[in-house]
Structures are given as structure tokens and as C-alpha cells.
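# Here you go, sequence then predicted model.
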Amino acid sequence: MSEIGFIGLGNMGLPMAANLVAAGHAVTAFDTQADAMATAGQAGMAVVDSAAQAAAGRDFVVTMLPDGPIALKVFGEIVPAAAPGTVIVDCSTIDVASAKREHEMAHKAGLGCLDAPVSGGVGGAQAGTLTFMVGGEKGDFEKATPILDVMGGRLVHCGAGGAGQSAKICNNMLLGISMIGACEAFSLADKLGLDQQALFDVVSTSSGSCWSVNTYCPVPGVGPQSPADNDYQPGFAATLMLKDLGLSQQAADEAGLATPLGRHATDLYRAFVDADEKGSDFSGVTRYLAELKRDR
Ligand code: NAD
């Protein structure tokens with residue numbers, strides 16, 4: 001049993017922390033929202049008044065926060081409060097530069113640190129089947145493995161500090177691009193009078209096959225059940241895809257690499273979100289793409 005501080009009890013953090021409680025760990029929780037704190041208390045967590053109190057004297061501190069600036073602000077509060085030897089595990093999706101800064105802050109204070117963003121969404125958080133992409137020292141990864149195993153179904157140690165965030169944004173840049181490709185293929189097939197099921201039967205077993213078609217087909221009534229079958233209710237919200245594509249472009253800027261399709265996917269998702277589709281699943285971008293007219 002470990003003593004764990006958990007900071008950020010939103011859609012993802014709350015079920016992740018609840019799984020730690022269910023596995024017998026002592027979880028001390030903090031969130032800036034009173035309703036999140038109330039729900040955490042009902043789920044068997046001790047609730048405290050600050051991030052520093054959640055971090056003091058724990059074996060691990062897990063953070064699940066909206067973005068890099070907030071995560072760095074919280075690190076500024078928890079690093080001075082945590083006891084030497086504590087391992088801080090930031091599961092938020094943030095920019096690579098901020099993740100590297102977190103490692104520096106923690107190491108300077110004699111703390112362990114992992115950047116450990118996840119994929120699998122709220123369903124994976126509830127079921128404890130998230131995939132963790134982890135950056136940081138191998139020893140810290142090994143120490144944290146027992147608690148990550150409670151929240152996740154698969155752990156990948158990707159390399160040094162920042163490698164977890166790098167893996168996450170590269171994966172999601174590819175996902176955004178491949179979803180747009182899948183949507184374009186099904187829209188064109190439709191205009192050509194080709195049956196959507198026939199296209200699925202071909203693509204899903206041919207060289208065009210990919211997760212966006214085989215598992216998460218953006219067309220209703222085709223392939224396994226997906227948000228397309230539920231009027232594009234998320235799933236994985238378009239705003240979160242836009243956030244991750246933005247992080248990929250920030251990283252590409254810093255690395256001096258063009259990633260033209262990553263940039264174009266970012267522009268298309270921004271236009272989709274701005275078209276009042278903030279709350280839609282990211283596969284709903286097919287509705288936006290299907291309306292675009294070709295310049296002649
Ligand atoms: P969320 O907005 O539901 O939760 C974030 C929580 O952090 C909120 O409860 C908020 O009150 C709290 N918070 C904000 N500032 C704080 C502070 N200074 N101190 C303490 N708490 C603070 O977001 P979410 O959907 O749970 O996502 C969390 C992270 O996980 C994000 O980085 C997101 O990109 C990533 N992520 C989300 C999903 C998903 O499907 N929702 C999937 C993978 C990754």
C-alpha cells in the first residue's frame with residue numbers, strides 16, 4: 001500500500017484516483033473545484049485544502065491537469081512540499097518543453113519524476129486500462145510501475161524525461177492525420193456512388209487499413225460500434241484532438257521540422273471546432289470535410 005497525493009480530479013483524474021483507492025492505496029486529493037473535491041471524498045479519498053498538503057509526506061504524487069502552464073504552477077507548489085524520494089508522476093498531456101522543466105524542478109529537489117501521459121480516454125480511466133507513455137529515469141519508472149499498473153493496461157517506458165509527452169503527441173498527430181484521411185476516402189466514395197460498407201470491406205483488409213477505419217470508422221453503421229453510431233458524441237472530443245495537434249506543432253516548431261500534414265490537420269480541426277462542433281467527437285470532422293467544395 002502506498003501513500004499517494006492526487007491533484008486534478010476531473011473527467012480523467014477522478015476515476016484514475018478511484019481505482020487507486022479500490023486497489024487499497026491511501027489517496028489524498030486536491031482540486032480547485034469544490035464539486036470535484038466532494039466527489040473525491042465520497043469515493044474514499046482524504047481531501048485537503050492545497051496541492052502542497054496533498055504532496056507532503058507521500059510516496060507518490062500523481063497530477064492530471066489541463067495544460068503545461070497549470071502543471072508547472074502546481075509543480076511550483078508541490079516540489080517544495082514533497083519529501084525527498086517522492087516520485088511525482090504527471091499524467092497530464094502537456095508540451096514537451098514544460099515536461100522537461102518539471103523533471104529539472106523535481107531533480108533539483110531530490111525528487112523522482114515521470115511524464116506519463118495516457119491514451120484510452122475516460123472509458124479507459126474508469127476501467128483501469130489506460131496506456132501510459134512514460135518518460136524519466138528507469139528507476140523511477142520501476143518504482144511507479146505498481147501504481148501505474150492499477151490505472152493502466154499497458155505501460156511503455158519511452159526514454160528520458162519528456163519522452164512520454166513526445167510519444168503522445170507524435171501518436172496523436174498521426175491519429176488526427178489518419179482520421180482526416182479516412183473521412184476523405186469515405187466522402188469521396190459516397191460521391192462516386194460506392195457503397196460505404198463495400199469500401200470498409202476493402203480498406204479494412206487492404207493497404208489503407210488503419211485504426212481510424214478498422215476500429216473507429218467515422219461512418220455510421222459501418223465497422224465496429226463507434227461515436228459515428230451515436231451522432232458523434234465523444235469518445236475523444238474534437239477540442240482534445242485540436243489541443244494535441246497544437247502541441248505537436250509547438251514541438252515541430254521547436255525542432256525546426258515542417259510536418260506539413262500535421263499543420264494542415266491542425267488547421268482543419270481548428271475550423272471544425274470553430275464551426276460550433278467543440279463538443280463533438282473528433283471523427284465528426286467528416287461532417288465538416290464532406291461540405292468542402294473543390295476549387296475548379
Ligand atoms: P478536466 O478539465 O476534466 O480535469 C482537469 C482538472 O484539473 C479539473 O477538475 C480542474 O478543476 C483541475 N485543476 C485545474 N487547475 C488546477 C490546479 N491549479 N490545482 C488543482 N486542480 C486543478 O480534464 P480531463 O479530461 O480530466 O483531462 C486531464 C488531462 O488529461 C488533460 O491534460 C487532457 O489533455 C488529458 N487527456 C484527456 C483525455 C480525455 O479523454 N478526457 C484523454 C487523454 C488525455
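Everything's here; your move.
# use CA for all of it now, contacts and neighbours both
Will do.
# In the stretch 51-200 of the chain, where is pLDDT below threshold?
Within the stretch 51-200 of the chain, not a single segment meets pLDDT under 70.
# give me that answer again for 90
By pLDDT under 90, the low-scoring segments of the stretch 51-200 of the chain are 121, 123.
# Next to the ligand, which bits of it? Give me the list.
By the criterion of CA under 6 Å from any ligand atom, the positions of the stretch 51-200 of the chain lying close to the ligand are 64, 65, 66, 67, 70, 74, 92, 93, 118, 119, 121, 122.
# ok, now with 8 Å
Counting by CA under 8 Å from any ligand atom, the positions of the stretch 51-200 of the chain adjacent to the ligand are 51, 64-67, 70-71, 73-74, 91-94, 117-122.
# Quick one, which of the residues you listed are buried?
51, 64-65, 71, 74, 91-94, 117-122 (16 or more other CA atoms under 10 Å).
# Out of the residues of the stretch 51-200 of the chain next to the ligand, list just those in strands.
If you go by DSSP state E, those have 118, 119 in strands.
# residues in contact with residue 280?
For residue 280, the contacting residues are 232, 233, 234, 237, 238, by CA atoms under 8 Å, 6 or more residues apart in numbering.
# I meant to write residue 83 there.
If a contact means CA under 8 Å, 6+ apart, then residue 83 has 56, 57, 58, 111 as its contacts.
# next one: residue 130
Contacts of residue 130 were listed using CA under 8 Å, 6+ apart, and they are 118, 119, 120, 121, 124, 151, 152, 153, 154.
# ok, and the closest non-adjacent residue to the fifth one?
In space, not counting the residues next to it along the chain, residue 124 is nearest to residue 130; the distance is 4.9 Å by CA to CA, 6 or more residues apart in numbering.
# again with residue 49
Going by CA to CA, 6+ apart, residue 49 has residue 30 as its nearest residue, at 6.7 Å.
# Now name the helix or strand holding residue 99.
Secondary-structure assignment from DSSP states H and E places residue 99 in helix 96-108.
# let me fix that: residue 208
Counting by DSSP H and E, there is no helix or strand that carries residue 208.
# What pLDDT does the model give the residue in the stretch 151-296 of the chain positioned nearest to the ligand?
With CA to the nearest ligand atom as the measure, residue 236 is the residue of the stretch 151-296 of the chain nearest to the ligand, at 5.3 Å. Predicted confidence (pLDDT) at residue 236: the value is 92.
# Which residue comes closest to it once chain neighbours are left out?
With CA to CA, 6+ apart as the criterion, residue 236 has its nearest non-adjacent residue at 5.4 Å, and that residue is residue 281.
# what's the burial count for that neighbour?
24 (other CA atoms under 10 Å).
# In three-state terms, label residue 62 for me.
strand (DSSP: H, G, I helix; E, B strand; the rest coil).
# Contacts only, for it.
4, 5, 6, 7, 88, 89, 90, 91.
# Could you rerun that using 7 Å?
5, 6, 7, 88, 89, 90, 91 (CA atoms under 7 Å, 6 or more residues apart in numbering).
# which stretches of this protein form strands?
Along the chain, the stretches classed as strands by DSSP E are 3-7, 26-30, 46-47, 60-63, 87-90, 112-115, 118-119, 130-136, 152-159.
# what comes up buried for the last one?
To tie it back to what came earlier, the one meant is strand 152-159. Burial within strand 152-159, assessed by neighbour count using 16+ other CA under 10 Å, is assigned to 152, 153, 155, 157, 158, 159.
# Give the other helices and strands that it contacts.
The criterion is 3 or more CA pairs under 7 Å, 6 or more residues apart in numbering; DSSP states H and E, and the helices and strands that strand 152-159 contacts are strand 130-136.
# Each with direction, which strands does the strand it packs on pair with?
Within its sheet, strand 130-136 is paired with strand 112-115 (antiparallel), strand 118-119 (antiparallel), strand 152-159 (parallel), according to DSSP bridges.
# Show me how far the second one is from its chain's centre.
Mean-position distance between strand 118-119 and its chain equals 4 Å (CA atoms, centre = their mean, to the nearest Å).
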